[in-house]
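Visitor: below are the sequence and a predicted model; questions follow.
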Amino acid sequence: MKKRSIAALTAALTVAPLLAAGVPGQRAVAAGPGAGGSSSPAGPTESTLLRGVNLETVTIPELQARMKRGALTSSELTQAYLRRIKAVDPKIHAVLRTSPTALRQAAASDVRHRLGRARGPLDGIPVLLKDNVNTRDMPTTAGSRALAGSPPDTDADLVGRLRAAGAVILGKTNMSEWANFRAEKPTSGWSAVGGQTNNPYVLDRNPCGSSSGSAAALAASLAQVAIGTETDGSIVCPAGMNGVVGHKPSLGLVGQSGVVPISAEQDTAGPMARNVVDTAITLSVLSGHDAAGDGGAFGVTDAATRPGGLRGKRIGLWRLPSLGAGVDALMTRTAARLRAAGAQVVEVTPPYQDRLAELEFPALLSEFHRDIDAYLSTRNGPRDLAGLIEFNRTHPAERTCFAGQELFEQALAAPPTTDPRHRVMRAELKDLSRRSIDETMAAHDLDAIASPANPPAWTTDCARGDNDVIPSSTPAAVAGYPSLSVPAGFVGELPVGLLLMAGDRQDAGLLSLGAAVEQRLDARRTPRYLPSVTSAATR
């Protein structure tokens, strides 16, 4: 992708909310078809209102406009999010820790804004990081007590970019321990360090993994944006299941250095937010394609941000009825709404999915052994996978939800990545996953493939583990292609996302399309923190 493409998209998406919004942050959250009930929160929570700004709906461009004219400071914004974390997080357990320097970072941003020296659209904006992203001033544990000692020596590359852009690093979010790559029957959102993260919509339901804390925190408005990571589904499934936006970038667009790995062949960090514009702005910083100062692009409003942005777009709908009748009915309603907005929606089934499912896991086992050994050699604690397995055997706290570490043991015994059999396997995976998307898009002349990002959230149960056979994320994840989850609606009280995927380095076009879809569906609503719901209400 040319550097200007993401910058131009971000600039267009940035200016559009300022043109369209009468009063920043006051857009109503619509219930809409399939929303499933009232949008008012249940139980006492810290207010989402701050000096006329509704944190539930405000965008980064609206915040920056207020900070520029002195109507809001980063210090006020950061304090508001810290108050919300203190008041709301005990319900959902999404935030592991807040940064002791967050308010100092905000104060420094306020000085830059007063002097007219703001560093760009993220300057002064509070950001939460998944706890597998290295920070030199806070622990980075991947949810494991094995890494709960001293922090890493250096920041991850992406954290350096955020700091250089003036973002306020607010804290770290809980995650599925070792990104759900430890046990055969894990429970998403659980870690020995942070316990169990709950879904803010229904508290006994699962947030999906492994960027569970990042997604749940955003749903509860505990930060403006968050960073997740994905190997296969770990950004887009939590985004869908918690009613927020999550973008898995094209492989290599965001640097991997300093992120606890599963596989360099599939791992990527990516932005999560409550809207597409904030997601695009954050990606522009993470990828080094910052749109600040790109004045030529600000005069053009992208088609996705004005009426008619979907007209003529061709979208292939991969229905996946195995995710349940409620999800399938929501996809039918979603397709009808997209068609009403001028899009052409055709049903598709990408090929080669059975073979991808057969090959992906064995390949990841070998790559995990290689990559986790390399990462552990940079940290205090176990120095390799064998040492990590022994740590778990001798520390009972690591077995309080589920005891297994079968994937660790299988990875230890897996062929090395230098084995010719592994190389053939990974080459076939790359070829078939890319063909599954490329051939489908070419055959139907598509702008994107769409599918459900998740089923309704299942009940969290340590004894049973997850119920998460969700094939929609796999083609883009294995291919290294971009994917984007935007809220599609609800099955009962539980959110479901629409997953969009496209070809390699088509991130800008996918975000543009996602903004148009988001505008048309307008499907997000405030969580109600319900203790439980009956199963019949979620089918």
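Guide: Thanks, I have the structure now.
Visitor: list the contacts of the helix or strand H247 falls within.
Guide: Per DSSP states H and E, H247 falls inside strand 245-248. The contact list for strand 245-248, computed with CB atoms under 8 Å, 6 or more residues apart in numbering, reads 211, 215, 228, 230, 235-236, 238-240, 268, 270-276, 278-280, 283, 473, 476-477, 482-487, 497, 507, 510-511, 514, 518. No exception for glycine: its C-beta is placed from N, CA and C like everyone else's.
Visitor: now for the helix or strand containing E76, which elements pack on it?
Guide: Element membership of E76, judged by DSSP H and E, is helix 74-92. Contact here means 3 or more CB pairs under 8 Å, 6 or more residues apart in numbering; DSSP states H and E; on that basis helix 74-92 packs against strand 49-50, strand 95-98, helix 102-114, strand 126-130, strand 168-173, helix 212-219.
Visitor: these two touch, right, N198 and A215?
Guide: No. If you go by CB atoms under 8 Å, N198 and A215 don't touch, sitting 11.6 Å apart.
Visitor: and these two? Which one has more around it.
Guide: A215 (38 against 24; other CB atoms under 10 Å).
Visitor: check contacts around that one.
Guide: P207, C208, A226, G228, P238, A239, M241, N242, V244, G246, M272.
Visitor: just how off-centre is the helix or strand hosting the fifth one within its chain?
Guide: Element membership of P238, judged by DSSP H and E, is helix 236-241. Helix 236-241 sits 7 Å away from the centroid of its parent chain (CA atoms, centre = their mean, to the nearest Å).
Visitor: identify the residues contacting that helix?
Guide: Contacts for helix 236-241 (CB under 8 Å, 6+ apart): 188, 199, 206-212, 214-216, 228, 230, 245-246, 248, 272, 452-454, 457, 468, 470, 472-473, 483-485, 487-488, 494-499.
Visitor: 6 Å instead, please
Guide: Applying CB atoms under 6 Å, 6 or more residues apart in numbering, the contact partners of helix 236-241 are 207-208, 211-212, 215, 246, 248, 272, 453-454, 457, 470, 473, 483, 485, 497, 499.
Visitor: same question, stretch 474-485
Guide: Contacts of stretch 474-485 (CB under 6 Å, 6+ apart): 232, 236, 239-240, 246-251, 266, 350, 356, 360, 429, 433-434, 436-437, 453, 497, 499-501, 504, 507, 510, 514.
Visitor: next one: stretch 176-187
Guide: For stretch 176-187, contacts defined as CB under 6 Å, 6+ apart pick out 142-144, 188-189, 191, 209-210, 212, 262, 401-402, 404-408, 462, 465.
Visitor: before we move on, what about stretch 364-376?
Guide: Residues contacting stretch 364-376 (CB under 6 Å, 6+ apart): 260-265, 382-385, 410-411, 414-415, 417, 422.
Visitor: in it, what's buried?
Guide: Within stretch 364-376, the residues that count as buried by 16 or more other CB atoms under 10 Å are L364, L365, S366, E367, F368, H369, R370, D371, I372, D373, Y375, L376.
Visitor: among the residues you listed, which ones are in helices?
Guide: L364, L365, S366, E367, F368, H369, R370, D371, I372, D373, Y375, L376 (DSSP state H).
Visitor: now distance to D445 too, for those residues, in CSV please.
Guide: Listed next are those as CSV, based on distance: CB to CB, whole Å:
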residue, distance to D445
L364, 33
L365, 38
S366, 38
E367, 35
F368, 38
H369, 42
R370, 40
D371, 38
I372, 42
D373, 45
Y375, 42
L376, 47
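Visitor: identify the residue spatially nearest to N380, adjacent ones excluded.
Guide: Spatial nearest neighbour of N380, chain neighbours left out: G149 (5.1 Å); criterion: CB to CB, 6 or more residues apart in numbering.
Visitor: now do the same for the one you found: its pLDDT.
Guide: For G149, the pLDDT comes out at 91.
Visitor: out of the contacts of strand 245-248, which are inside helices?
Guide: Going by DSSP H, the helices hold 215, 236, 238-240, 276, 278-280, 283, 476-477, 507, 510-511, 514, 518 from the contacts of strand 245-248.
Visitor: show me what the residue nearest to A457 when sequence neighbours are not counted is bridged to.
Guide: Leaving aside its sequence neighbours, A457 sits nearest to R205 (CB to CB, 6+ apart; 3.7 Å). Beta bridges link R205 to T459 when assigned by DSSP bridges.
Visitor: all good on my end, thank you.
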